[in-house]
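Trainee: Sequence and predicted structure, then a few things I'm wondering about:
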Amino acid sequence: MQNKDDFRYEDCEETARWLLDRVQSPPVIAIICGSGLGLLADTLTDIKTFDYVQIPHFPTSTVAGHSGQLVFGILQGKSCVVMKGRFHVYEGYPLWKVTLPIRVFKLLGVKVLMVTNAAGSLCETYSTGDLMIIRDHINMPGLAALNPLRGPNDERFGPRFPSLWDTYDKDLRSTALEIARRLGHTDLIHEGVYCMVGGPNFESVAEARFLQRLGADAVGMSTAPEAVVAKHCGMRVFGLSLITNRVAQAYEMVDSVDHTSVLEVGKQRSNVLQELVTELVKSINFKEEDKQELA
Ligand SMILES: O=P(O)(O)O[C@H]1O[C@H](CO)[C@@H](O)[C@H]1O
Ligand SMILES: Nc1nc2[nH]cnc2c(=O)[nH]1
């Protein structure tokens with residue numbers, strides 16, 4: 001049963017067509033900038049920028065540190081699209097709308113999705129300013145049916161029951177690790193499990209302990225729905241968390257996290273993130289079948 005508030009393939013098509021009519025070359029890589037990480041878009045050349053409010057069917061950004069612009073351009077010779085600002089479920093958007101850009105990117109021809117986010121650490125060995133390559137995720141809202149794939153399935157995007165065992169591309173993860181080491185960032189790079197919660201509050205101590213015991217290394221309020229939808233429609237996914245704070249797991253610990261400090265760490269670390277993402281984009285070789293489709 002199609003609810004008028006569910007996503008429609010035709011709306012995604014309309015948005016994709018609107019964008020294709022206005023850009024030089026269709027993107028093959030999409031990058032989503034997390035809180036305070038919009039500077040990633042500055043690495044592109046030959047840019048064409050659209051405010052989200054201009055784009056048909058696009059939601060608008062309501063959170064500080066998410067400027068609400070879609071930037072098309074070239075990075076390391078590859079045509080890319082960068083979201084300066086993402087959508088979160090706590091903003092009041094249904095998950096199909098949070099993830100609508102991913103489906104539009106699929107129709108534009110995107111093969112690889114790179115998601116970045118700001119996250120709190122649940123792991124003793126992580127420090128503020130460190131980076132965590134996402135090996136896997138725990139989609140807390142998804143486990144309770146708040147899933148972007150809920151509702152009628154459109155087979156043109158993907159199957160009703162997708163497998164998520166290999167959502168975060170193994171080759172991209174190992175290449176990113178190698179790059180980080182080569183760039184001299186061995187001490188600050190980790191690989192771990194990201195847990196998505198609904199937000200917008202930060203965790204209570206009991207919640208933080210609970211998530212850590214579940215196997216989460218970092219926690220945030222985004223990313224998992226985007227990764228699920230990207231995997232569903234056959235994209236390769238890479239995820240990177242910037243650790244912006246330590247989540248208190250003891251009542252004696254002082255947890256001074258707020259959104260301003262999250263954005264501040266993002267600003268301080270954006271150069272490291274830019275470096276890593278740029279080198280990773282450079283390393284990507286599109287498979288033969290992708291090349292044929294792109295030709
Ligand atoms: O996940 P991103 O968008 O990077 O943002 C993270 O930072 C915000 C909290 O400061 C939350 O929105 C959380 O999800
Ligand atoms: N849920 C959650 N999201 C974050 N985003 C940045 N830091 C945090 C955190 O500690 N918890």
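Mentor: Thanks, I have the structure now. Ligands and ions are numbered 1, 2, ... in the order given.

Trainee: which residues touch the residue in the stretch 1-150 of the chain that ligand 1 sits nearest to?
Mentor: Here the residue of the stretch 1-150 of the chain nearest ligand 1 is Gly34; by C-beta to the nearest ligand atom that distance is 2.7 Å. All C-beta atoms are positioned from the backbone trio N, CA, C, and that covers glycine. By C-beta atoms under 8 Å, 6 or more residues apart in numbering, the residues touching Gly34 are Arg86, Val115, Thr116, Asn117, Ala118, Gly220, Ser222, Thr223, Ser241, Leu242, Gly266.

Trainee: ok, which of these also contact ligand 1?
Mentor: Arg86, Asn117, Ala118, Gly220, Ser222 (C-beta under 6 Å from any ligand atom).

Trainee: got those residues as CSV, with secondary structure columns?
Mentor: Listed next are those as CSV, based on DSSP: H, G, I helix; E, B strand; the rest coil:
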residue, secondary structure
Arg86, coil
Asn117, strand
Ala118, strand
Gly220, strand
Ser222, coil
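
Trainee: Can you redo those residues as CSV, where the extra columns are neighbour count and pLDDT?
Mentor: As requested, the ones next to ligand 1 among the contacts of Gly34 are arranged in CSV below (neighbours: other C-beta atoms under 10 Å; pLDDT from 0 to 100):
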residue, neighbour count, pLDDT
Arg86, 26, 96
Asn117, 27, 97
Ala118, 25, 97
Gly220, 24, 98
Ser222, 28, 98
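
Trainee: Helix, strand, or coil at Glu275?
Mentor: Glu275 - assigned by three-state DSSP - is helix.

Trainee: and stretch 107-124, which residues are buried?
Mentor: 107-123 (16 or more other C-beta atoms under 10 Å).

Trainee: ugh, typo on my part, it should be stretch 249-268
Mentor: Those would be Gln249, Asp255, Val257, His259, Val262, Leu263, Val265, Gly266, for stretch 249-268 by 16+ other C-beta under 10 Å.

Trainee: Strands along the stretch 101-250 of the chain, start to end?
Mentor: 112-121, 131-139, 189-196, 218-220, 236-246 (DSSP state E, counting those that start in this stretch).

Trainee: ok, back up a step: go back to the ones next to ligand 1 among the contacts of Gly34 and keep what's next to ligand 2.
Mentor: Within those, those near ligand 2 by C-beta under 6 Å from any ligand atom are Ala118, Gly220.

Trainee: now, which of the ones next to ligand 1 among the contacts of Gly34 sits nearest Lys170?
Mentor: Asn117 (20.1 Å; C-beta to C-beta).

Trainee: How about the closest one: which residues does it bridge to?
Mentor: According to DSSP bridges, the partner residues bridging Asn117 are Ser241.

Trainee: contacting residues for it?
Mentor: Gly34, Ser35, Leu37, Tyr194, Gly220, Ser222, Thr223, Gly239, Leu240, Ser241, Leu242.

Trainee: swap in Val205?
Mentor: Contacts of Val205 (C-beta under 8 Å, 6+ apart): Ala248, Gln249, Ala250, Tyr251, Met253.

Trainee: Please report how far it lies from ligand 2.
Mentor: Taking C-beta to the nearest ligand atom, to the nearest Å as the measure, Val205 falls 12 Å from ligand 2.

Trainee: the helices in the protein, which residues?
Mentor: For the chain, the helices defined by DSSP state H occupy 9-20, 95-98, 100-108, 140-143, 170-182, 205-214, 224-232, 259-283, 288-294.

Trainee: Can you give me the buried ones in the first one?
Mentor: By neighbour count with 16+ other C-beta under 10 Å, helix 9-20 contains the buried residues Cys12, Thr15, Ala16, Trp18, Leu19.

Trainee: That helix - what's its average pLDDT?
Mentor: For helix 9-20, mean pLDDT rounds to 97.

Trainee: elements contacting that helix?
Mentor: If contacts are counted by 3 or more C-beta pairs under 8 Å, 6 or more residues apart in numbering; DSSP states H and E, helix 9-20 sits against helix 100-108.

Trainee: which strands and helices sit next to the helix it packs on?
Mentor: helix 9-20, strand 29-32, strand 78-84, helix 224-232.
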